[in-house]
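Peer 1: show me the folded form of this:
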Amino acid sequence: VVALTSDLISGRLLETDVSLYRPLLAGAAAVLCAGSVALAFVPTAPSRMLSARNPFRNLRIIREDALFRKLTIAWFILGFSNLWTVPLRVVYLAEAERGLGLSPFTVMLIGGVIPQVTRLIFSRIWAGFFDRTHLVLVRIILALILGAGIFVYFATEILWVVIAGQILINLAFAGGPILWHLWVPRIAPKGQSSVYMSVHTFMTGIRGTIGPALGFLATTALSFRQVGMISFAGTIIASVYLIPLLKEPRAAAPTSR
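Peer 2: Below is the predicted model:
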């Protein structure tokens, strides 16, 4: 709700004067700092060290744990298929030369408000589904919805089709953060969730760093439509790769174990 309100206000201000993005970004940074201060007061305690203090040594579990390795590979393909399109989706809406050339407020409505509303409606539904369903099945369903959304988003310059693609993308995103945070504790051996999560977060950072840059680089040789097709193909490849893991007991819902 806070994000939705912020997007509406920001979109209206940018419609008035696009140069206001500077104070808006400064305000966002200040709010993030305030959130960090608030987190500092959350009660916590150090966790017991389960391995050497070299944090990169945790990467060994990719080699040692076959299930974690396969899921990490699939997640990398899926994550890259999404992340290299994230900035391009805004460019596609805003730039007249390569996209739709929409006004700042309309861009904020499609790029900010629609995602927030979609996630607000569907997050609770996905959470319940995750609790009752095999982890791999949830991942495949979300992947296919995301891939279809990206493909539809870039498939045409018809506005309602782009909006439909955005809704599909964020239907998947409504469940994505739940899955991203909770799949590791489901499969990690008891007491090692933090070790596994460190590797998962590290791999996410790698694709999050290189993905957007490669996305912009790709558009020097590819059209937006081709980028969308490649992303959709990536989600299909990752989903097929995951199918043999559908009966993996470690990834089963707690209620079915």
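Peer 1: and the pLDDT at P254?
Peer 2: If you check P254, the pLDDT there is 79.
Peer 1: grab the nearest non-local neighbour of it.
Peer 2: D131 (7.4 Å; C-beta to C-beta, 6 or more residues apart in numbering). From N, CA and C alone the C-beta is placed, and that goes for glycine too.
Peer 1: wait, isn't that neighbour in contact with A252?
Peer 2: No. Applying C-beta atoms under 8 Å, one finds D131 not in contact with A252, separated by 11.7 Å.
Peer 1: for the two, indicate the residue with more neighbours.
Peer 2: A252 (18 against 13; other C-beta atoms under 10 Å).
Peer 1: all strands for the chain, in order.
Peer 2: Taking DSSP state E as the criterion, the chain contains no strands.
Peer 1: which helix in the chain has the most residues?
Peer 2: Using DSSP state H to define each element, the chain has its longest helix at helix 159-187.
Peer 1: okay, now the unreliable bits of the stretch 1-150 of the chain?
Peer 2: For the stretch 1-150 of the chain, the stretches flagged by pLDDT under 70 are 47-53, 55.
Peer 1: mind listing the helices for it?
Peer 2: Along the stretch 1-150 of the chain, counting by DSSP state H, counting those that start in this stretch, helices occupy 2-16, 21-40, 60-64, 66-83, 86-94, 104-108, 114-132, 135-155.
Peer 1: most tightly packed of those?
Peer 2: The highest average neighbour count among these, using mean count of other C-beta atoms under 10 Å, belongs to helix 135-155 at a mean of 22.
Peer 1: between that helix and helix 159-187, how many degrees?
Peer 2: 160 degrees (axes from the mean of the first three to the mean of the last three C-alpha atoms, to 10 degrees).
Peer 1: list the helices and strands helix 135-155 packs on?
Peer 2: With contacts defined as 3 or more C-beta pairs under 8 Å, 6 or more residues apart in numbering; DSSP states H and E, helix 135-155 has these neighbours: helix 66-83, helix 86-94, helix 114-132, helix 159-187, helix 224-242.
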